[in-house]
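Student: just to be clear, the model below is a prediction. Sequence and coordinates:
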Amino acid sequence: MYYQTACQPGTYQSSYGQITCIESSPGYYVPEYGYYNQIPCEPGTFNSNSGSIQPSSCINSFPGHYVPLSGQSSMIPCEIGTYQPNEGELLCLEASPGYYVDREKSIVQEIVDLDYYTDNFSSTIQLRCPLFHITLTQGSDSIGACLLDTDGDRIYDDIDNDDDNDGMLDQNDFCPLGVMGWTSGLVQDNDRDGCRDSDEDLDDDNDGYLDNIDDFDFNENEWEDTDNDGIGNNADTDDDNDGLTDVYELSILSNPLSIDTDNDGYPDMYRLDLNEDKKIDLYGFDDNQDGEIDRFSKR
C-alpha cells in the first residue's frame, strides 16, 4: 500500500502528482504540515527569507519605510517629501505645509526655519522669503507670513517706528525706506529730514532749491550768489557787485542782479542809459565808496 507524504512546515504543494514540496517564498510562510498553498505576510510586514514557518517571520516595516501590499519580501523607503514615524505602516505621510522632508527614509518632517516657508504638502525644500522679509515664527505655511523688515532689525515695518534704522522716526523721515547703515545727524543729514546728504537728499538744506542749482547747499537762507563773492544774495547788499547797493538800484529802476543793466559795456556805477535814448541818464563815480553814485548820494 502506498501513502502520500504531507509537506513539512515551511513548504507546500498546490499541484497533484508531485514528488516534492515547494519551499515557501520570501514574503510568505507555511505554519503546519500538508499545506497546499503558502500564506502571505500582511500589508505593513515583510519577510526576506524563504521556507519560513511562523507568522512571526513576517516583521513590521521599520520607521521611515512602508509595505503597501501583502506577500512582500522587502519594505519600501519613504521618498523625499514624505516620512513615517511608526513601524508596520502601509504608506508614508506627506510633509505638511510649514514643514519639509529633504531625504529618504525620514521618520520626521522638519519644521521650516525662521524667514522661510512652505505652502504645499510633500515639500522637499523650504522656500526663502523675499529679500528684506522675515517671519515671526518657525513653520510658516505661506508667503503671506513673510513680513517686510527693511532695516533687518527683526521688527517688521508695520510696527517699526524707524523702518530704515537711521535714527529718524518714520513720521519725520522723508526717506523712511532709504539707505541703511547710517544715523541721521548734522554731519550726514544737514536738514535732519532723514535723507542722507551724500546720496539720498537732493536738497540738503531743505530750502526748496535742489543742490545742483543751489549755491549754498547747507544754508537754508541762501541759494544764489550772483556775483560769486561768497555772500548769498539775501545777505549781500550789492548782489551784482557793480558798486551800487541793491536798494539804490531798485530806486532808480536799475537791475540789482546785473552789473551792466543797459548792456552798454560799462558797469552801472559809471554810466547808465535806462531808457535807451542814447543819452546817459546817470554818470558818476562812487568816490566815498558808500555804494551810491556820488551825484545822487551827495545831493
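Tutor: Noted; the coordinates are in hand.
Student: quick one: residues contacting the residue nearest to residue 84 when sequence neighbours are not counted.
Tutor: Once its chain neighbours are removed from consideration, residue 84 has its nearest residue in residue 92; the separation is 4.6 Å (C-beta to C-beta, 6 or more residues apart in numbering). C-betas here are computed from N, CA, C, even on glycine. Taking C-beta atoms under 8 Å, 6 or more residues apart in numbering as the contact definition, residue 92 lies against 66, 78, 79, 82, 83, 84.
Student: show me where the chain has its helices.
Tutor: 246-251, 294-297 (DSSP state H).
Student: lowest mean pLDDT across these, which one is that?
Tutor: Looking over the helices of the chain, mean pLDDT reaches its minimum on helix 294-297, with a mean of 46.
Student: quick check: phi and psi at the residue nearest to residue 221 when sequence neighbours are not counted.
Tutor: Counting by C-beta to C-beta, 6+ apart, residue 221 lies nearest to residue 234, which is 5.9 Å off, once chain neighbours are set aside. Backbone torsions for residue 234, taken as degrees, to the nearest 10, come to phi -70, psi -30.
Student: check what pLDDT residue 234 gets.
Tutor: What the model reports as pLDDT for residue 234 is 76.
Student: what's the spacing between it and residue 245?
Tutor: Here the distance between residue 234 and residue 245 works out to 14 Å (C-beta to C-beta, to the nearest Å).
Student: so the two - more neighbours on which side?
Tutor: The residue with more neighbours, out of residue 234 and residue 245 and counting by other C-beta atoms under 10 Å, is residue 245; that gives 18 against 13.
Student: strands - which of the contacts of residue 92 land there?
Tutor: 66, 82, 83 (DSSP state E).
Student: is the second one in a bridge, and if so with what?
Tutor: Beta bridges link residue 82 to residue 94, judged by DSSP bridges.
Student: contacts only, for it.
Tutor: The neighbourhood of residue 82, defined by C-beta under 8 Å, 6+ apart, consists of 92, 93, 94, 95, 101, 106, 122.
Student: so what's the last one up against?
Tutor: By C-beta under 8 Å, 6+ apart, residue 122 lies in contact with 81, 82, 94, 95, 101.
Student: swap in the fifth one?
Tutor: Listed by C-beta under 8 Å, 6+ apart, the contact set of residue 101 reads 78, 80, 81, 82, 83, 95, 109, 110, 122, 123, 124.
Student: for it, which non-adjacent residue is closest in space?
Tutor: On the basis of C-beta to C-beta, 6+ apart, the spatially nearest residue to residue 101 that is not a chain neighbour turns out to be residue 95, at 4.7 Å.
Student: my guess is that neighbour meets residue 78, correct?
Tutor: No: with contact defined as C-beta atoms under 8 Å, residue 95 and residue 78 do not form a contacting pair (10.2 Å).
Student: now do residue 117, the pLDDT please.
Tutor: What the model reports for residue 117 is a pLDDT of 98.
Student: check contacts around the nearest residue to it once chain neighbours are set aside.
Tutor: If the residues on either side of it in the chain are set aside, residue 117 comes closest to residue 140, at 4.0 Å by C-beta to C-beta, 6+ apart. Neighbouring residues of residue 140 by C-beta under 8 Å, 6+ apart: 98, 112, 116, 117, 146.
Student: out of these, grab the one that's most surrounded.
Tutor: residue 112 (26 neighbours).
Student: and it, how far from residue 153?
Tutor: For residue 112, the distance to residue 153 under the criterion C-beta to C-beta works out to 22 Å.
Student: again, but for residue 45
Tutor: In this structure, residue 45 and residue 153 are 55 Å apart, going by C-beta to C-beta.
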